[in-house]
Structures are given as C-alpha cells and as structure tokens.
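Engineer: The following comprises the amino acid sequence and a computationally predicted model.
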Amino acid sequence: MLALVLLLTAAAAVARYLPGVPAVLAFVLAALALAGLAWTVSTGTEQLAPRFGPAVTGMLQSTMGNLPEFFVVLFALQAGDAIVAQTAILGSIFVNALLVLGLALIAGASRSGAGRMDFDVTLPKDTTTLLLIASFLIVLVGLVAAGHNSAHLHTETISIVGAAALLLVYAVWLPHYLRSGAAAVVAGPAARMSMPVSFGLLLAGGAGSAFASDWFIHALEPTIHTLHVSQAFAGLVIVAIAGNAVENTVAVVLAWKQQADLAISVVKNSVVQVVAFLYPGLVLVSLLTATRLTFTLEPVYIGALIGTALIVWQITNDGVATTFEGTALVATFVVLATVAALEP
C-alpha cells in the first residue's frame, strides 16, 4: 500500500509541474494522492492510539491534518483574496462537523452489532461549547457590521479582540483535555509498529498532504471553469473536502474498525482547532499579510454556523449515535452544499 501511495504522490507531482497536463487530470491525481496520504496518517494514528489514548492521539492527528488549511488560507490572504480564505475556513468547519462526523457515525453504528455507536461525551460537549462561543462572536460582529452606529467602523478591532479571547479560551481548555484523556485505554488490537515508525508515518503523511493540497489547489481554478462550478461551492465544498482529506478518511476508517472514541476525537479535535485556534490565529496572523481576515460573514453562513453547533450538540451530547443521526448530519451538509452551488 505504501508503494501505491508513493506512486500516486509522484504522479500528482509530475502532473503539477509538467507542462501540458490537463487540469482535470492533475486535479484527479492530486485528489488520489491526498486519499493515499490520508491512509498513511490513518495507519500512524491507529498505531499510536494504544500508547497515548484517544485525546492526545486525536489532537496530534488533527494538528497534522489541518496544516494544509493553514497554508491555503495564508497564501490566499497574502494574494489579497479574503473570500477564498474565509470560505476555506468555513468549509473546513462544515465538512468536519457535518459530513465527516455524519459518515463516521454511519460507519460505526452500521458496523456495530447493536446498531449504535457509543463514545465518551467529554470532547463532543467541549467542542459544542467552543463552537457556540465562536458563533456568538461571529453573530455579534455580523450584527455590528450591519448596524448604523459607530461600532460598525471597528469590526476589525472587534475581530482582533475576539480572536485573542478565543485563543485564550482554547489555551485554558487544551491542557485539561489532554490530561483527562492521557490515561485512557483504546479498545482494539495492540500496536503492530514501533513508536518511531508510527510517528514517521504521521509526519510523512502530514507533510505529503500539504504538498498534495498545493497541487490540488493549483489545478482547482481551471477545473472549476471546465466543470462550471461556482466559486462558493469550490471553496466551501471542494477545497474543504480536499484540505480535510486526512480527517475524512481517518475518522470513517477508525469508526468502521469500532475505534469509536478515537474516531470522534479525530473529527471533533479538527473542528475545535479550526474554530478556536486556526480561525482566530489567522485573524491575528493576517495583520502581517496584504489582506485582513475578520469574523464578518454573510448572513447565510452565520445562520449555518449556529445551526451546525446546535445540531452537533443535539446528536452527540448523549454519547450514543445511530445511522439515522449520521444520515441527518450528512443530509444537512448536502443542503448547505446545494446553497453554495447555486450561488453565482
């Protein structure tokens, strides 16, 4: 399997730099390379889980998996494209919280003999809390931006203060979460690989996915024109799924293998990192780039963010999930993707 991953990655690299390769072909090869590299990260994650527990392992994996989003947004801001930057971040939240979580719940519940997927509720509750805090901030900034008082002239300042506040909350939450899950035991087979090899797979998969994401994004614009896809759909759906290919594959595979706590940890850690670390962190980093990133969003996406937080809370707060609930999450994402696809 590793040989196939290397072959796909090499083919995607050739398609990226060799002149004359059709954009759609380069796009498909980059997507396949991302999927293969996601398998590499999935294998490394599963091998580390028996040693560190789901909390630490999920945090490590989501950190590696979110590297492509960071660089995509950073380069977009430097190029002056704030819309691409914001839609990439929002898409990452919606893809992980709705599509990936939904698929993981379907996989875990359908594979279980009991027809349900049981998991610890600590991380889902913390994720929802952070998501609601971020939603409150974004709604507040949106209302200020739409108002007619003097505050609407200072949305950038409010965003900076809000970003710092979110990062502070995240910094307070993270050590407690890692300590609480450090001693957890992951059910399943013992590790088959040594720790250095497992870490090596994680690092190689994460680094490779960053390169493959760049190749994917490079081929995206001409592919959009060829396939006549809207910019909003490309940012919120295609780019987000590609940038989260690692989490997409890892979470579903782990859920299918009945590693429920680890699967939930991978998905929810990714949501937490984007909402409470990546987004506010990039708001502050954007002070050094050509374009400022703020929490000012279109009303439709403000509503979608609030709805996502409430739906995720309703489904995961009891620590039990069924195929029905997983299907509901996926269906919600399909509706949101349809809205994005119909935008000009």
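Structural biologist: Noted; the coordinates are in hand. Remember, it's a predicted structure, so these values are computed and weren't measured experimentally.
Engineer: switch to C-alpha atoms for all contacts and neighbour counts from now on
Structural biologist: Fine.
Engineer: Looking at the protein, which helix is longest?
Structural biologist: Looking across the chain with DSSP state H, the single longest helix is helix 23-65.
Engineer: Show me what it is packed against.
Structural biologist: helix 2-17, helix 155-181, helix 195-227, helix 240-243, helix 245-256, helix 260-273 (3 or more C-alpha pairs under 8 Å, 6 or more residues apart in numbering; DSSP states H and E).
Engineer: following it, which helix or strand comes up?
Structural biologist: helix 67-78 (DSSP states H and E).
Engineer: who touches that following helix?
Structural biologist: 82, 84-86, 88-89, 92, 206, 209-210, 213-214, 243-244, 278, 282, 286, 289-293 (C-alpha atoms under 8 Å, 6 or more residues apart in numbering).
Engineer: Apart from its chain neighbours, what residue comes closest to the residue nearest the centre of the chain?
Structural biologist: In the chain, the centroid-proximal residue (C-alpha atoms, centre = their mean) is Ser92; its distance is 4.2 Å. In this structure, Ser92 finds its nearest non-sequential neighbour in Ala240, 4.9 Å apart by C-alpha to C-alpha, 6 or more residues apart in numbering.
Engineer: Contact partners for the one you found?
Structural biologist: 88-89, 91-92, 95.
Engineer: Give me the pLDDT for it.
Structural biologist: pLDDT recorded at Ala240 is 81.
Engineer: again with the one 10 residues further on
Structural biologist: Model confidence at Val250, expressed as pLDDT, equals 77.
Engineer: Please apply the same query to Val229.
Structural biologist: Reported pLDDT for Val229: 81.
Engineer: State whether it and Ala340 are indeed in contact, as I suppose.
Structural biologist: No: counting by C-alpha atoms under 8 Å, Val229 stays clear of Ala340, with 9.9 Å between them.
Engineer: Please say which of these two ends up with more neighbours.
Structural biologist: Ala340 (21 against 18; other C-alpha atoms under 10 Å).
Engineer: Now name the helix or strand holding the more buried one.
Structural biologist: Going by DSSP H and E, Ala340 is part of helix 323-342.
Engineer: Same check on Val300?
Structural biologist: With DSSP H and E as the test, Val300 turns up in helix 299-316.
Engineer: thinking again about what came up before, report the buried residues of the helix holding Ala340.
Structural biologist: 323, 325-330, 332-333, 336-337, 340-341 (16 or more other C-alpha atoms under 10 Å).
Engineer: I'd like those laid out as a markdown table, including pLDDT and distance to Leu178.
Structural biologist: Putting the buried residues of helix 323-342 into a markdown table (pLDDT from 0 to 100; distance: C-alpha to C-alpha, whole Å) gives the following:
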| residue | pLDDT | distance to Leu178 |
| --- | --- | --- |
| Thr323 | 93 | 29 |
| Glu325 | 94 | 28 |
| Gly326 | 94 | 27 |
| Thr327 | 95 | 30 |
| Ala328 | 94 | 30 |
| Leu329 | 95 | 27 |
| Val330 | 95 | 29 |
| Thr332 | 95 | 31 |
| Phe333 | 95 | 30 |
| Leu336 | 93 | 33 |
| Ala337 | 91 | 34 |
| Ala340 | 87 | 36 |
| Ala341 | 86 | 39 |
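Engineer: which among these gets closest to Asp261?
Structural biologist: Gly326 (15.6 Å; C-alpha to C-alpha).
Engineer: where does the stretch 1-150 of the chain dip in pLDDT?
Structural biologist: Applying pLDDT under 70 to the stretch 1-150 of the chain flags the ranges 42, 46, 49-50, 53-54, 65, 146, 148-149.
Engineer: Phe233 contacts Val334, correct?
Structural biologist: No: contact criterion C-alpha under 8 Å: Phe233 and Val334 do not qualify, at 11.3 Å.
Engineer: tally of neighbours for His154?
Structural biologist: By other C-alpha under 10 Å, neighbour count at His154 equals 12.
Engineer: quick one: it from Ile83, how far?
Structural biologist: 19 Å (C-alpha to C-alpha, to the nearest Å).
Engineer: So which of the contacts of Ala240 sit within helices?
Structural biologist: Using DSSP H, the contacts of Ala240 in helices are 88-89, 91-92.
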